[in-house]
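J.: quick one, fold the following:
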Amino acid sequence: MEYLVTMTTHVPDGTPSEEVDDVRAREAAHTSELAARGQVLRLWRPPLAPGEWRTLGLFAAADRAELDRVLASMPLRVWRSDEVKELTPHQNDPTPAASSSLPPGTAGTGTEFFVKFTPDVPAGTPAKDVEEAAAREADRAAELASQGHLIRLWVLPAEHGVSSALGLWRADGEDQMGAILASLPQIKYLATRVTALTPHPSDPAAPGSRERR
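T.: A predicted model of the protein is given here:
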């Protein structure tokens, strides 16, 4: 199973900087070990406000119990809260071996984005139109994956009875990402939320990631 984990860290006021540095160093070393075991697949930084400390992580585990043990083993957990979402591969998901499981230093160039897609079909839209767009969407997704733009695509847990999709994309900036989304056959039937991602220093797939110990 794959899981998206939002990790938010709050260091208590008055904590000595030496203690913070020690915990961060141990976190980096342990993350490398988890990456070597195939349990940490990717790490990113989302947009942050001043003073915020948050990381998005793609984890692999046999089940939620194993994931909880992995998260509990991480040194920063003493100051951190984790929000977990179980991810199910989407029918248009590209081959994982060509994306999230990249070896160190082989991530592509450009900016990565998370895009959440939530159904938003205008009232009165014929069901046939929606079905035809979905059929064409599969071909377009395969084309964008072959171009290196669509990296992964998952189904998120349903909220209020509605299932959304989450895509990991790569583009040369926000303008190109917008153009890519505009080219999707289903886009007029979807609401989107785009999050630009920046590399995390311990991301297993990022050039210059911390060495495994």
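J.: what number of residues lie near Asp22?
T.: Using other CB atoms under 10 Å, the number of residues around Asp22 comes to 12. For every residue, glycine as well, the C-beta is placed using N, CA and C.
J.: and it, how far is that from Phe59?
T.: Applying CB to CB, to the nearest Å, the value for Asp22 to Phe59 is 24 Å.
J.: now do the strands in this protein.
T.: Along the chain, the segments classed as strands by DSSP state E run 2-9, 40-45, 54-60, 80-89, 111-119, 150-155, 165-171, 190-199.
J.: out of the ones you listed, which is closest to Ala142?
T.: The closest of these to Ala142 is strand 150-155. By CB to CB, the value is 8.4 Å.
J.: tilt between the closest one and strand 111-119?
T.: With axes from the mean of the first three to the mean of the last three CA atoms, to 10 degrees applied, the angle from strand 150-155 to strand 111-119 works out at 30 degrees.
J.: just the residues contacting strand 150-155, thanks.
T.: Residues outside strand 150-155 that contact it (CB atoms under 8 Å, 6 or more residues apart in numbering): 2, 4, 87-90, 92-94, 96, 99-100, 112, 141, 144-145, 163-170.
J.: tell me the contacts of the residue of the chain most remote from its centre?
T.: For the chain, the residue at maximal distance from the C-alpha centroid (CA atoms, centre = their mean) is Gly124, at 33.9 Å. Residues counted as contacts of Gly124 (CB under 8 Å, 6+ apart): none.
J.: as JSON lines, the strands of the chain with mean pLDDT, distance to Leu181 and mean neighbour count would be great.
T.: Formatted as JSON lines, the strands of the chain follow (pLDDT from 0 to 100; distance: least, CB to CB, whole Å; neighbours: other CB atoms under 10 Å):
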{"stretch": "strand 2-9", "mean pLDDT": "97", "distance to Leu181": "20", "mean neighbour count": "18"}
{"stretch": "strand 40-45", "mean pLDDT": "96", "distance to Leu181": "19", "mean neighbour count": "22"}
{"stretch": "strand 54-60", "mean pLDDT": "97", "distance to Leu181": "20", "mean neighbour count": "21"}
{"stretch": "strand 80-89", "mean pLDDT": "96", "distance to Leu181": "20", "mean neighbour count": "15"}
{"stretch": "strand 111-119", "mean pLDDT": "97", "distance to Leu181": "7", "mean neighbour count": "18"}
{"stretch": "strand 150-155", "mean pLDDT": "96", "distance to Leu181": "11", "mean neighbour count": "22"}
{"stretch": "strand 165-171", "mean pLDDT": "97", "distance to Leu181": "8", "mean neighbour count": "22"}
{"stretch": "strand 190-199", "mean pLDDT": "96", "distance to Leu181": "6", "mean neighbour count": "15"}
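J.: between these, which one is nearest to Arg69?
T.: Short answer: strand 54-60, nearest of those by CB to CB, at 11.3 Å.
J.: all set now, cheers.
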